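**Student:** Let's see this in three dimensions:
(one chain, ligands or ions: 1)
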Amino acid sequence: MTDLNSTSHSAAYFDELRDYWWNTDFLELIATRFNLSSFREVLDIGSGQGHWTRIIKGLVHQNAHLTGLEMEQEWVAHCRNQFDESAFSFVQGTAENIPYKDESFDLVTCQTVLIHVKAIPQVLSEMYRVLKPGGLLLLSEPSNIASSTVRTSISAERSIEERVKYHEARLIIEEGKRLAGEGDLSAGDLLPGLLQHHPFDDIQVYNSDICKPDIPPYDSSQQQAWIKTLRTWVKEDFAGWHDEELKRWVLKAGYDEDKFCSIKSILMNELSSQLRGIEDGTFHSASGSMAYVIGARKIS
Ligand SMILES: C[S@@+](CC[C@H](N)C(=O)[O-])C[C@H]1O[C@@H](n2cnc3c(N)ncnc32)[C@H](O)[C@@H]1O
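**Tutor:** Below you'll find the predicted structure:
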């Protein structure tokens, strides 16, 4: 469930919706394309509450051992409680200094983690270092800015000026977060090019095929999961990020406190209009998003 009180990283995003991020047959296709069933020693970096770790477990060799590396002790403890220790280990540590010897794993992976790190090249170097020759790096990272341009029944009715203001708000947030050294929310766009700085071979780039359409009467379990999160966010005046971080990023991007207030109100207006539209059964959107799956082989 979305937890707006925990100070641990990404707590607001560990909700039921995460269970609807993938189509099973798409994952099977990815597993076939990258021959995932051949991998036995797996490292999942930034494992959080283990959503991606669990998915990967179902795709790799049946006797594979998965290690989750995570900087937050709260999530390490959570996973140690939830997962069978004969097949999984969870370790506290950072992606910038992976606490393993060179060439330890045949699959190194992460989902929505590189969008939060300060220096992606340093993390890619570490991932490369701990991969065995011939091993696979598998990254699942989004372009949030692309997804933010998808129209809804509400935004499609807005003036160009209003739509530009919303997009500007999202750009300012992304730029401020990046300048604050807290990551690039659309890092997925640039990863294939960055991988070229290492001797990786056969870089392949795909896009997840899932859509999470909002269609009245919103009765799928996926839509119900989003409505639950949306209600909590609107009730708690949570715009998708905490006020302290939003303000920090807006100032870092070169704007002032008034701009932070205006951005916060643009974001909250978007969420509350959506909730009102859902409650009166008028809101709809195909709700497409851009989530890349990128694979690259370490040269043998
Ligand atoms: C958005 S969550 C993704 C969690 C998980 N991979 C998933 O897909 O459900 C990002 C996770 O990465 C962790 N994280 C962020 N930066 C990290 C770093 N530099 N080293 C290790 N973990 C990090 C956060 O604590 C958080 O648990």
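**Student:** Contacts only, for the residue lying closest to Lys132 once chain neighbours are set aside.
**Tutor:** Counting by C-beta to C-beta, 6 or more residues apart in numbering, the nearest residue to Lys132 once its immediate chain neighbours are dropped is Glu103, at 4.6 Å. Yep, even glycine has a C-beta here, placed from its N, CA and C like the rest. By C-beta atoms under 8 Å, 6 or more residues apart in numbering, Glu103 lies in contact with Arg129, Val130, Leu131, Lys132, Pro133, Gly135.
**Student:** With Val150 instead?
**Tutor:** Contacts of Val150 (C-beta under 8 Å, 6+ apart): Ser285, Ala286, Ser287, Gly288, Ser289.
**Student:** Return the member of these nearest to Leu43.
**Tutor:** Of all the contacts of Val150, the one with the least separation from Leu43 (C-beta to C-beta) is Ser289, at 26.1 Å.
**Student:** isn't Ser8 right up against Ala77?
**Tutor:** No - checked against C-beta atoms under 8 Å, the pair Ser8 and Ala77 is beyond contact range at 10.2 Å.
**Student:** Can you give me the distance of the most centrally placed residue in the chain to the ligand?
**Tutor:** In the chain, the centroid-proximal residue (C-alpha atoms, centre = their mean) is Thr112; its distance is 2.9 Å. Going from Thr112 to the ligand by C-beta to the nearest ligand atom, to the nearest Å gives 4 Å.
**Student:** Surely that residue touches Pro142?
**Tutor:** Yes - counting by C-beta under 8 Å, Thr112 does reach Pro142; the two are 6.7 Å apart.
**Student:** For Thr94, which non-adjacent residue is spatially closest?
**Tutor:** Met71 (5.0 Å).
**Student:** Equivalent analysis for Met127, please.
**Tutor:** Going by C-beta to C-beta, 6+ apart, Met127 has Val108 as its nearest residue, at 4.8 Å.
**Student:** Pull the contacting residues for whichever residue of the stretch 151-300 of the chain sits closest to the ligand.
**Tutor:** Nearest to the ligand in the stretch 151-300 of the chain, going by C-beta to the nearest ligand atom, is Gly183, at a distance of 7.6 Å. By C-beta under 8 Å, 6+ apart, the contact list for Gly183 reads Leu114, Ile115, His116, Val117, Lys118, Lys177.
**Student:** quick revisit: specify the beta-bridge partners of the residue nearest to Met127.
**Tutor:** Bridge pairing for Val108 (DSSP bridges) gives the partners Leu43, Leu137.
**Student:** Now do the contacts for it.
**Tutor:** Val108 touches Val42, Leu43, Ile45, Met127, Val130, Leu131, Gly135, Leu136, Leu137, Leu138, counting by C-beta under 8 Å, 6+ apart.
**Student:** Please apply the same query to Leu194.
**Tutor:** Leu194 neighbours (C-beta under 8 Å, 6+ apart): Ile120, Pro121, Leu124.
**Student:** Ramachandran coordinates for the closest residue to the residue of the stretch 151-300 of the chain closest to the ligand other than its chain neighbours?
**Tutor:** Once flanking residues are discounted, Gly183 sits nearest to His116: 4.0 Å by C-beta to C-beta, 6+ apart. Phi and psi for His116, reported as degrees, to the nearest 10, are phi -110, psi 0.
**Student:** His116 contacts Glu182, correct?
**Tutor:** Yes - contact criterion C-beta under 8 Å: His116 and Glu182 qualify, at 6.7 Å.
**Student:** Spell out which residues of the chain are next to the ligand.
**Tutor:** Counting by C-beta under 6 Å from any ligand atom, the chain comes close to the ligand at 9-10, 13, 18, 46-48, 51-52, 70-72, 75, 94-96, 111-113, 116-117.
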